[in-house]
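Asker: give me the fold of what follows.
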Amino acid sequence: MTTERYDAIVIGAGQAGGPLSTALAGSGRMTALVEREHVGGTCVNEGCTPSKTMVASARVAYLARRGSDYGVRTEPVSVDVETVRRRKRAMVESFRTGSESRIAEGGVNLLDGEARFTGPKEIAVELAGGETVHLSADLIILNVGARPAIPPIDGIEDVPYLNSTTIMELDTAPEHLLVLGGGYVGLEFAQMFRRFGSEVTVIQRGKQLLSREDRDIAEEVAKILGEDGIEILLQTDAQRVEAAGDGGVRLTVCSGDEERQITGSHLLVGSGRTPNTDLLNLKVAGVETDEQGYVPVNERLETSAPGVYALGDMNGGPAYTHVSYDDFRVLRANLLEGGDRKTTDRITPYTVFIDPQLGRVGLSETQAREQGRKIRVAKMPMSSVARALETDEPRGLMKAVVDAETGEILGGAVLGLEGGEVTAMLQIAMMGKLPYTALRDGVFSHPTLSESLNTLFGSFTDT
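Answerer: Prediction:
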């Protein structure tokens, strides 16, 4: 058995592993990149790119049905889900091809296969053709991502359930979609398929949707989804599931002491993900994992094994593409540019692509109070925003948390038209450590969504 020696081995061609492999190769390091399925990772192939492409189609359907609200006459609206899927597949193929081209042009040796450790700094790769090759390097980067988790519900393995990947391959809208999980993934698909014409029921174990959000934000999200015709069951546990007639499913749920059955044509499991670390044989490499299989890292993304780094969803940090990509930038700075970047230096935003969007950054009101901070809370409905009224999109609210002593912005949430974009303005102010008065008194174009920050920071409701 011969072992090929490299300067660096990257396992996983996701949003961190792909660009890092080309950066390493570009610096003169002989680099191997191992990918078992698709270049581009979850984001390009099963996450952001396909789902947000379909969200866009759902929003067009929503606006078309509302044409008369704007004085525009439209014919009865129907959705061709097969065409939506075709558009989604074309977008994924375009993005994936672009990622593959950058890697091919970057001087990286791309191996199509499954990698596992055989010892410290030693890797075996079972190639797609069946051959096994052995590699070694002093520098090894892991970027293997995560996959949809399967909840421990009786009968789940005996019914044809959907996950966040397979639901995007449907060619028709479900008659009645049951969604397990009221988190970001579940709600995006719930609203999407409601707009495609499905009846939708969301089953959530907790007291509110979106468990990380403040109660008032979650309640407003529930109100909006309810207005869209989505049934939401809170504090409801899924007990068991079984096949029903015509290929459907029958879900038994429990809320308090009350048990009921719900029958749907399709079941979407949208509750959680699990890291793809189980096949890596990490123990022999000295790489520790937690109880869920995630690989703990320090602020420089180092694992328990010297010279081995873990990036992206698999390290248990925020599971967002932009975080994974910044993990790449942290390592590029530290390994190739002589820098000293840390993951603790960054402010991490996120956007939930329901409609209207929910953008979030920094501390929520709940988190700030749990930390014992003295805060002021600015809050107002989107119906107070001129641009939202003019476009007839006044649903939602804006909220910001400010340090009561320094005036520094600690965090914010914008549930409203282009909420993710408006939240980015809050983040920029936070990055520059500007006081809230800079946004309150700034001159922004009228009528834009940005100028709503003038009004927001003049409307403190809590001290």
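Asker: where's P120 relative to G107, distance?
Answerer: 27 Å (C-beta to C-beta, to the nearest Å). For the C-beta atoms, the positions are set from N, CA and C on the backbone; glycine is no exception.
Asker: same thing with T351?
Answerer: 35 Å.
Asker: quick one: contacts of the strand ranked longest in the chain?
Answerer: What stands out as the longest strand in the chain, according to DSSP state E, is strand 109-119. With contacts defined as C-beta atoms under 8 Å, 6 or more residues apart in numbering, strand 109-119 is touched by 6, 11, 13, 30-36, 39, 103-104, 123-128, 133-134, 279-282, 284-285, 287.
Asker: output the host helix or strand of A25 as PDB, nothing but the C-alphas.
Answerer: In this assignment (DSSP states H and E), A25 forms part of helix 17-26. C-alpha atoms of helix 17-26 as PDB (Å, rounded to 0.1, in the frame of the first residue of the first chain):
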ATOM      1  CA  GLY A  17     -13.700  23.700   2.000                       C
ATOM      2  CA  GLY A  18     -13.900  24.700  -1.700                       C
ATOM      3  CA  PRO A  19     -12.400  28.200  -1.600                       C
ATOM      4  CA  LEU A  20      -9.900  27.100   1.100                       C
ATOM      5  CA  SER A  21      -8.600  24.300  -1.100                       C
ATOM      6  CA  THR A  22      -8.000  26.800  -4.000                       C
ATOM      7  CA  ALA A  23      -6.400  29.300  -1.600                       C
ATOM      8  CA  LEU A  24      -4.000  26.600  -0.300                       C
ATOM      9  CA  ALA A  25      -3.100  25.400  -3.800                       C
ATOM     10  CA  GLY A  26      -2.600  29.000  -4.900                       C
END
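Asker: that one vs strand 109-119, what angle?
Answerer: If you take axes from the mean of the first three to the mean of the last three C-alpha atoms, to 10 degrees, helix 17-26 sits at 100 degrees to strand 109-119.
Asker: residue boundaries of the strands in the stretch 301-450 of the chain?
Answerer: With DSSP state E, counting those that start in this stretch as the criterion, the stretch 301-450 of the chain has strands at 308-310, 349-352, 357-362, 375-381, 397-403, 409-416.
Asker: do you know which of the ones you listed lies nearest Y320?
Answerer: If you check each of these against Y320 by C-beta to C-beta, strand 349-352 wins as the nearest, at 5.4 Å.
Asker: so which bits of stretch 381-393 are buried?
Answerer: Across stretch 381-393, burial judged by 16 or more other C-beta atoms under 10 Å covers P381, M382, V385, R387, A388, E393.
Asker: return it as CSV; C-alpha atoms alone will do.
Answerer: Extracted in CSV, the C-alpha atoms of stretch 381-393 (Å, rounded to 0.1, in the frame of the first residue of the first chain):
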residue,chain,number,x,y,z
PRO,A,381,-44.9,48.1,13.4
MET,A,382,-44.1,48.0,9.7
SER,A,383,-47.4,49.8,9.1
SER,A,384,-45.5,53.0,10.3
VAL,A,385,-43.1,52.7,7.4
ALA,A,386,-44.1,54.8,4.4
ARG,A,387,-42.4,52.5,1.9
ALA,A,388,-44.1,49.4,3.3
LEU,A,389,-47.5,51.2,3.0
GLU,A,390,-46.8,52.4,-0.6
THR,A,391,-46.0,48.8,-1.7
ASP,A,392,-49.0,47.4,0.3
GLU,A,393,-46.6,45.3,2.4
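Asker: roughly how far out does that stretch sit from the chain middle?
Answerer: Put simply, stretch 381-393 sits 27 Å off its chain's centre (C-alpha atoms, centre = their mean, to the nearest Å).
Asker: one step back: what about whatever helix or strand comes next after the helix holding A25, average pLDDT?
Answerer: Moving toward the C-terminus from helix 17-26, the next helix or strand (DSSP H and E) is strand 31-35. The average pLDDT for strand 31-35 rounds to 97.
Asker: excluding chain neighbours, what is closest to the residue nearest in space to the middle of the chain?
Answerer: The centre of the chain sits closest to Y320, judged by C-alpha atoms, centre = their mean, with a distance of 4.8 Å. Nearest non-adjacent residue to Y320, counting by C-beta to C-beta, 6 or more residues apart in numbering: Y350, 5.4 Å away.
Asker: touching, the one you found and G362? I think so.
Answerer: No - look at Y350 against G362 with C-beta atoms under 8 Å: they stay out of range, at 10.9 Å.
Asker: just the residues contacting stretch 431-448, thanks.
Answerer: With C-beta under 8 Å, 6+ apart as the criterion, stretch 431-448 contacts 347, 378, 386-387, 390, 400, 402, 406-409, 425-426, 429, 450-451, 453-454, 456-458.
Asker: all strands of the stretch 101-250 of the chain, in order?
Answerer: Applying DSSP E, counting those that start in this stretch to the stretch 101-250 of the chain gives strands spanning 109-119, 122-127, 132-136, 139-142, 146-148, 176-180, 199-203, 231-233, 237-243, 249-255.
Asker: now the angle from the longest helix along the chain to strand 109-119?
Answerer: Identified as the longest helix of the chain according to DSSP state H is helix 81-105. For helix 81-105 against strand 109-119, the angle by the same axes, to 10 degrees is 80 degrees.
Asker: buried residues, helix 81-105. List them.
Answerer: Buried residues in helix 81-105 (16+ other C-beta under 10 Å): V81, V84, R85, R87, K88, M91, V92, F95, R96, S99, E100, I103.
Asker: and which of those is nearest to P356?
Answerer: When those are compared against P356 (criterion: C-beta to C-beta), the nearest one is V84, at 20.8 Å.
Asker: thank you kindly, that will do.
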